[in-house]
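Colleague: next comes the sequence, and after it the predicted model I'd like to discuss.
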Amino acid sequence: MEQTLDFVKKNENRFLEELFELLRIPSVSADSKYKPEVARAAEFIRTSLQHAGADNVEICPTAGHPIVYGEKIIDPKLKTVIVYGHYDVQPADPVNLWTTPPFEPTLRDGKIYARGSCDDKGQVFMHIKAFESMMKTNSLPCNVRFMIEGEEEVGSSNLGAWVKENKHRLKGDVILISDTSIIANDVPSIEAGLRGLSYVEVEVTGPNRDLHSGVYGGAVGNPIQVLCQMITSMKDENNHITIPGFYEDVIELSKDERAELNKTPYNEAEYKKDLGVNELAGERGYTTLERTGIRPTLELNGIWGGYTGEGSKTVLPSQAFAKISMRLVPNQSSEKITKLFEDHFAKLAPKSVRVKVRPHHGGEPVVTPTDSVAFKAASMAMETTFGKKPIPTRGGGSIPIVALFEKELGLKSVLMGFGLDSDLIHSPNEHYGVFNFMKGIETIPLFFRNFANLSAGK
Ligand code: BES
Ligand code: MN
Ligand code: MN
């Protein structure tokens, strides 16, 4: 192990240079104009895995962006860790808010600024470099398979089919994922759950064309106003969601479980200051940690319609639109919630308009065990490298494919992420600390060793 860590330290500069190369590729999965770049990022991952010493490395085409697979089976009798991550990134807009261009990685104050630096190229690359370090020092203690996809940020729509067709290649004992955050660099944590997601786009149509707001205004229902009223009515004065049946399947945590969760370090004053808000807002009766960890939500992601250009245009628009996401907690089903939303939205609509709901991607919530061998291996590894035992937390984000791995492969995941909530993932000026990147590369080999040892009863 000493040798491996030595190798990691000696190669820090090269690891960073290589990561920068990967970060220069604008692999934005949402935008078809970047398709060749997404393919180039897949090539880069393939080459990196090959150089690191993986066998049978392959770029597997899908109906969307490809999946990169690679493996090192040192002994079929030993345990196998499946590493999952994604090389695609969110769009960089609004680009003018970046201090340095999103695809020209820049080191400032010990942080790597670039789209994807934290989510998830930087964290995927930690795994490749940790693997390389184990290979180069002859210390890989068990088998490993890599499955790095290019469509996580757009809902992993083709990964499910690929997993079903490639079960023979995905024989393993645990899935290891670094795509989440820790509480702080001196407060390590491991997310032991992720929220699910229902994502819909709604369309409200009034008159069959845009109208003069003076000639017709006052007599015809305005789709923007109607949409706003419909949306407003979906939460009551306690910020409780009013869709009938929405909370039906939610498992309420016991008093003790809630008390335990609320022990997680959290400073409300700092939280507000960081966000530039004077007051927080959320479901009444729950703390911020609960609101983002164990409670379902409904959020507007975008809303548009009518005239939004320069100056003024007196128009009563024909249509209005919104994108709405609902985060789900254990036992809620994405399909059921989407259906409840569709029914409710149709019922809410006054007769002056017609409405459509288009479901987008969804995903199921997950809770991961904290008493498994793999979780212990991760916890011990982080305790060694951070000098403190990591706290299990509940993450607010979603990685929909985790539930699918459980269903299709019968495998649980360990969410050993190294990002910070303040890394601005999905926002302008996304960054990742060199500290976090290196900490990850040092911790991963320890996870492998602990997992191999604990599995063998050592
Ligand atoms: N890595 C994130 C999820 C995440 C971030 C989990 C921080 C925990 C802490 C992932 O890439 C992501 O952004 N997921 C999307 C869902 C996806 C279907 C677009 C999300 O959570 O919005
Ligand atoms: Mn991610
Ligand atoms: Mn993301």
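Modeller: Yep, that arrived. Ligands and ions are numbered 1, 2, ... in the order given.

Colleague: now the residue of the chain positioned farthest from its centre: how far from residue 207?
Modeller: In the chain, residue 215 marks the outermost C-alpha relative to the chain mean, sitting 48.1 Å out by CA atoms, centre = their mean. Distance of residue 215 to residue 207, given as CB to CB, to the nearest Å: 11 Å. C-betas here are computed from N, CA, C, even on glycine.

Colleague: before we move on, what about residue 28?
Modeller: Residue 28 is 37 Å from residue 207, by CB to CB.

Colleague: give me the more crowded residue out of the two.
Modeller: Shown here are residue 28 and residue 207; by other CB atoms under 10 Å, residue 28 has more neighbours (25 against 17).

Colleague: how about the residues of the stretch 301-450 of the chain near ligand 1?
Modeller: Within reach of ligand 1 by CB under 6 Å from any ligand atom, the stretch 301-450 of the chain has these residues: 361, 363, 395, 397-400.

Colleague: switch to 5 Å and redo it
Modeller: Contact residues (CB under 5 Å from any ligand atom) of the stretch 301-450 of the chain with ligand 1: 395, 397-398.

Colleague: quick one: which of these has the most company?
Modeller: residue 398 leads those on contacts (other CB under 10 Å) with 25 neighbours.

Colleague: residues contacting it?
Modeller: 194-197, 327, 363, 365 (CB atoms under 8 Å, 6 or more residues apart in numbering).

Colleague: now with 7 Å?
Modeller: Residue 398 makes contacts with 194-197, 327, 363, as judged by CB atoms under 7 Å, 6 or more residues apart in numbering.

Colleague: what segments of the stretch 151-300 of the chain are strands?
Modeller: In the stretch 151-300 of the chain, the strands defined using DSSP state E, counting those that start in this stretch lie at 174-177, 181-182, 189-191, 193-194, 196-205, 211-212, 297-305.

Colleague: how about stretch 98-117: buried residues?
Modeller: Neighbour counts over stretch 98-117 (16 or more other CB atoms under 10 Å) mark 98, 102-103, 105-106, 111-117 as buried.

Colleague: for the residue in the chain positioned nearest to ligand 1, give its distance to ligand 2.
Modeller: Residue nearest to ligand 1 within the chain (CB to the nearest ligand atom): residue 397, separated by 2.6 Å. To ligand 2, residue 397 is 8 Å away according to CB to the ion, to the nearest Å.

Colleague: what about that residue, which SS state?
Modeller: coil (DSSP: H, G, I helix; E, B strand; the rest coil).

Colleague: hang on, it packs against residue 196?
Modeller: No - with contact defined as CB atoms under 7 Å, residue 397 does not count as touching residue 196 (10.7 Å).

Colleague: next up, the contacts around residue 419.
Modeller: 118-119, 123, 180-181, 425, 432, 436.

Colleague: if you set the cut-off to 10 Å instead, what comes out?
Modeller: 117-120, 122-123, 178-182, 425, 430-433, 436, 440 (CB atoms under 10 Å, 6 or more residues apart in numbering).

Colleague: likewise residue 363?
Modeller: Here residue 363 is in contact with 155-156, 194-199, 327-328, 334, 398-404 (criterion: CB under 10 Å, 6+ apart).

Colleague: just give the nearest non-adjacent residue to it, would you?
Modeller: Closest residue to residue 363 in three dimensions, ignoring its sequence neighbours and counting by CB to CB, 6 or more residues apart in numbering: residue 400, at 2.2 Å.

Colleague: before we move on, what about residue 91?
Modeller: residue 28 (5.2 Å).

Colleague: isn't residue 293 right up against residue 393?
Modeller: Yes - assessed by CB atoms under 10 Å, residue 293 is found in contact with residue 393 at 7.0 Å.
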